[in-house]
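Enquirer: have a look at this prediction, sequence included:
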Amino acid sequence: MNRREFLKISAALGAGGAMPALLGGCAPRPLPGAGAVTTSPTVCNMCFWQCAGTLYQEDGQAWKVVGNPDDPHCDGRLCTRGSAGIGAYSDPDRLRQPLLRVSEGGAQRFEPVSWDAALDFIAEKMNTIGEQYGKDRIALFSHGGGGKHFRRMLQAFGSHAYAHPSFAQCRGPRETAFGLTYGEGVGSPDRTDMSNSRCIVLIGSHLGENLHNSQVQTLIQGLNNGATLITVDPRFSVAASKSKYWLPIKPGTDIALLLAWMNVLINEGLYDRDYVARYCSGFDRLAAHVQPYNPEWAYLETGLEPARIRETARIMATAAPATLVHPGRHVTWYGDDTQRSRAIAILNALLGSWGRPGGFYQQEKVALPEFPVPQPPPPKDDWKAVVQGDFPLVSTGISNKLVEHSVGPDAYIKGWFVYATNLPMTLPGANEQIKSAAESLDLMVVVDTMPAEISGYADVVLPECTYLERYDDLRNAPERTPTLALRMPAFPPSHETKPAWWMAKGIAERLGLGEYFPWQDYTEVLEWQLKQAGSSLAEMQRIGVKRYPRKTPVYFADDQPAEFSTPSGRIELYSTLLADAGQHPLPRYTPPERPPAGFYHLNYGRSPAHTFGRTINNPQLFELMPENTVWVHPSAAARLRVASGDYVALENPDGLRSNGIRVRVTERIRPDSVFLVHGFGHSDQRQRLARGVGADDAALMHNVKIDPIMGGTGMRASFVTLVKREVS
Amino acid sequence: MTTYAMVIDTRTCIGCGDCVVACKNENKVPAGLNRDWVVEATRGEYPNLETEFRSERCNHCGHATCVTNCPTGASHYWKDTNIVLVAAEKCTGCKACIAACPYDARLLMHPEGYVDKCTFCHHRVEQGLDPACVSSCPTHCMHFGNLDHRDSVVSRLLRERRHKVLMPETGNQPNVYYLI
């Protein structure tokens, strides 16, 4: 039987509706580009990929943004969100002026204030915290380049506590695991060499829906060149639909599959013996460790047939070393995520793909000196020992630990700066904790372009201008081709918005720390740096992207020994650091919890139309995807008596309910799971398009599993059921 | 007569909608209206599934029923090509073309009320550029060119790959091809 599911993804054409009757026609609109066209370079900030592009204006009006053909991040093509960048600039709901929380007759509200009043207030509060508790008690949460300036200001003040949720809520397990194995992380952009791969394996990574520009482009190039795609996912993702093999794995059992693949490679002698002998340590221990985990064992855990496990392992080995077992990106799933990422790292080593064409290439960036500023005084206290002492292998901040240590009168952290990250939708199941933290903190400053749930908790909200209205640091990302790219303003800042560097400098000056920001305008910094790199601001304003020659090889050279920054100097299949830390030195499988009766695994992911919750209110992207749906298998839908288009609430075992969300009945999901796109369900009333639309997966996460190695929040161990409700 | 065609590879289309956003920006299409859209079609039962994504728009038909059904001559072929345009100054908003189009590819322009549609970005084609949707596609799954030239990319792709058009039974001779 063939069932056919037919969905128009984008909005209707809009024929029909009340329109004026035209009797004699009307004057035609001018053709696009017929007016006076000007261009300026930019670096997109619609997500963290930071593609270089060109902004076009026609007759002084914003027209379009397109990719810069010289840019390796985008190869001349921006993605859906990048193409909609003007929507971020023109969004009528943007933050417009500094806001200060005031109490009046028992009620609190935000009062628009001058920049002087806002920055004076912040500096005063910081000094009070410093006098009362010490100058080291203010934490910074940041996602994006502008956070750097607040970090410098806070370090100069004496506060070093800092976390970016892209570690503990996203790619931390993978960076940690690859660091333990290879001595360095995967980095961003990911150093995957997919255009040259002959076999690509995606473990729960839904590239395509996850529109990391050059990742998707190189994946497609690989497929066009004939690569075999193997996708492991409980959902028939877009990537799965492009795959030769889709392995619809039982959620949470990926490590069992990875161990079985290693078992086949080792026991059938298919691994890269030469590579392992040259570069790796701990092979014998690994070989002994994987013996019990044959495909028959894995079948019972994963639901994947042993023959398929063997067949896919052999295909990987045949294509090796041009086989990429993709490390994924958002990988904080079940709390054993560093173990799973280690298994992926080890599998790649057995295939000999790290440092080889079609596997992982070696990255290089431009040697660009930092503008000379004074070094901040060394920290008085070791905040990491206080906040996250349980995780000695982690060198960066763990955002969930910082939040924990901000709750209550005795909390170590007394103030927050939150730059461009909406913590209530970023941290799983943390709404109550963030609310408690907000109540106990003496100062919370939120910096962003748009209002969001986090700014509702702030004492002060600082409106940043969008990326189309400001200079930022030069983009100097590690890549195949070293490049510099310039973001420059196409428009003056709207309303009373300001760039991050200006705000941080203003606060620093009020604290008597102006020497850490020794410039009047950020162009002075860029001009100085570009001069060191043999360019100039004028040149970059003209070309946008400058390519530099490589100085190091892209792949391991056959005649050169490779060195790894691990304790043994080799690729550590057996991790000595994990052994020393009392953790499992070889990947260990922990069976996942199964849903209680009537509940389903809560799976979530991305849409190419949106970046987390940050773009839902962008008028162009909202039109493309105005709400999320909950994907339900037809058998589950029958049991729950719901049909496509019905509004339901999602309810977790603690009884917490979501907003209304539409059901999408589809064969593309396992019967034991549901799926929704992350980022919807905004409650902040100031986002007039996004408010109240769709459901927020993060709020429903009741069973957050903390990774014992890197402290991240496992976000896929939660369950929900569907509750029918009246149309909201 | 020049026959322009679009050839879209469904095997590499990821349904991201970038073509939709790029078109709207390039052509300044008002909010709420679209000249192109993306369709997702899934066949089969779990776990034996196929999903196809298609970026759809006006097919710039060789026998365009919208042109033959337009009472005022507003719907017309651009120069000596198959690109179908609407001359706003001749359009009365009667919607005969909307009824005649098998692809539901026409829209009523806000606020004026004339009929609007995909133009294959003829203002770009004139400059030797691809339509905005084609030149924005991050997977390079869309191709544009002249079918009368044997060595054009579109001609070559149609020679080498299995393909289909939508609703060939209408006899409209559509010129948007899908590689399958």
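Expert: Perfect, I can see it now.

Enquirer: how about low-confidence regions in chain A?
Expert: Confidence mapping of chain A against pLDDT under 70 gives the ranges A:1-23, A:726-728.

Enquirer: what secondary structure does residue B:94 sit in?
Expert: coil (DSSP: H, G, I helix; E, B strand; the rest coil).

Enquirer: pull the CA atoms of stretch B:135-151 into PDB?
Expert: Taking C-alpha atoms only, stretch B:135-151 is exported to PDB below (Å, rounded to 0.1, in the frame of the first residue of the first chain):
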ATOM      1  CA  SER B 135      21.500  31.700  -7.700                       C
ATOM      2  CA  SER B 136      20.600  31.500  -4.000                       C
ATOM      3  CA  CYS B 137      20.100  27.700  -3.700                       C
ATOM      4  CA  PRO B 138      22.600  26.500  -1.100                       C
ATOM      5  CA  THR B 139      22.700  22.900  -2.500                       C
ATOM      6  CA  HIS B 140      23.000  24.100  -6.200                       C
ATOM      7  CA  CYS B 141      20.000  21.900  -7.000                       C
ATOM      8  CA  MET B 142      18.400  24.400  -9.300                       C
ATOM      9  CA  HIS B 143      19.600  25.100 -12.900                       C
ATOM     10  CA  PHE B 144      18.400  27.600 -15.500                       C
ATOM     11  CA  GLY B 145      19.200  27.900 -19.100                       C
ATOM     12  CA  ASN B 146      18.300  27.800 -22.800                       C
ATOM     13  CA  LEU B 147      16.800  24.500 -23.900                       C
ATOM     14  CA  ASP B 148      17.500  25.300 -27.500                       C
ATOM     15  CA  HIS B 149      21.200  25.100 -26.900                       C
ATOM     16  CA  ARG B 150      22.300  21.500 -26.900                       C
ATOM     17  CA  ASP B 151      25.300  22.200 -24.700                       C
END
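
Enquirer: now do the strands in chain B.
Expert: B:4-9, B:37-45, B:48-56, B:75-77, B:84-86, B:106-108, B:115-117, B:142-146, B:163-164, B:176-179 (DSSP state E).

Enquirer: is chain A contacted by the shortest one?
Expert: Meaning strand B:163-164. No - on the criterion C-beta under 8 Å from any C-beta of the partner chain, strand B:163-164 is out of touch with chain A, staying 15.6 Å away. Placement of C-beta: from N, CA and C, glycine included.

Enquirer: out of the strands of chain B, which comes closest to residue A:458?
Expert: strand B:37-45 (38.2 Å; C-beta to C-beta).

Enquirer: angle of the closest one against strand B:48-56?
Expert: Per axes from the mean of the first three to the mean of the last three C-alpha atoms, to 10 degrees, the angle that strand B:37-45 makes with strand B:48-56 is 170 degrees.

Enquirer: do strand B:37-45 and chain A meet?
Expert: Yes - using C-beta under 8 Å from any C-beta, we find that strand B:37-45 touches chain A at B:37-45.

Enquirer: which among the residues you listed end up buried?
Expert: Among the residues of strand B:37-45 next to chain A, those classed as buried by 16 or more other C-beta atoms under 10 Å in any protein chain shown are B:37-40, B:42, B:44.

Enquirer: can you redo those as CSV with distance to residue A:110?
Expert: Shown next, in CSV, are those (distance: C-beta to C-beta, whole Å):
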residue, distance to residue A:110
B:37, 40
B:38, 40
B:39, 44
B:40, 42
B:42, 46
B:44, 53
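
Enquirer: can you list the residues you listed in CSV and add pLDDT?
Expert: Converted to CSV, these look like this (pLDDT from 0 to 100):
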residue, pLDDT
B:37, 97
B:38, 97
B:39, 97
B:40, 96
B:42, 97
B:44, 97
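
Enquirer: closest one to residue A:379 out of those residues, please.
Expert: Comparing these against residue A:379 with C-beta to C-beta places residue B:38 closest, at 51.3 Å.

Enquirer: and stretch A:410-418, how far out from the chain's middle?
Expert: Computed by C-alpha atoms, centre = their mean, to the nearest Å, the chain-centroid distance of stretch A:410-418 equals 24 Å.

Enquirer: and the contacts of it?
Expert: Outside of stretch A:410-418, the residues within contact range by C-beta atoms under 8 Å, 6 or more residues apart in numbering or on different chains are A:125-126, A:129, A:132-133, A:137-142, A:150, A:154, A:159, A:161, A:383, A:386-387, A:402, A:405-406, A:437, A:440-448, A:454, A:458.

Enquirer: and residue A:541, that one's in a helix?
Expert: Yes - assessed by three-state DSSP, residue A:541 belongs to a helix.

Enquirer: let me see the contact set for the closest residue in space to it that isn't next to it in sequence.
Expert: Nearest residue to residue A:541, sequence neighbours excluded (C-beta to C-beta, 6 or more residues apart in numbering or on different chains): residue A:488, at 6.1 Å. Counting by C-beta under 8 Å, 6+ apart, residue A:488 touches A:40-42, A:471, A:540-541.

Enquirer: would residue A:488 count as being in a strand?
Expert: No - in this structure, residue A:488 is coil, not part of a strand, as judged by three-state DSSP.

Enquirer: out of the buried ones among the residues of strand B:37-45 next to chain A, which two sit at the greatest distance?
Expert: Among those, B:37 and B:44 lie farthest apart (C-beta to C-beta), at 23.6 Å.

Enquirer: C-alpha coordinates for the helix or strand where residue A:509 lies, CSV please?
Expert: Of the helices and strands defined by DSSP states H and E, residue A:509 is found in helix A:500-510. The C-alpha trace of helix A:500-510 is given here as CSV (Å, rounded to 0.1, in the frame of the first residue of the first chain):
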residue,chain,number,x,y,z
ALA,A,500,28.3,45.8,22.1
TRP,A,501,31.8,47.4,22.1
TRP,A,502,30.3,50.8,22.8
MET,A,503,28.3,49.5,25.7
ALA,A,504,31.1,47.6,27.3
LYS,A,505,33.5,50.6,26.9
GLY,A,506,30.9,52.9,28.5
ILE,A,507,30.5,50.6,31.5
ALA,A,508,34.3,50.2,31.8
GLU,A,509,34.8,54.0,31.8
ARG,A,510,32.3,54.4,34.6
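
Enquirer: perfect, I'm done here.
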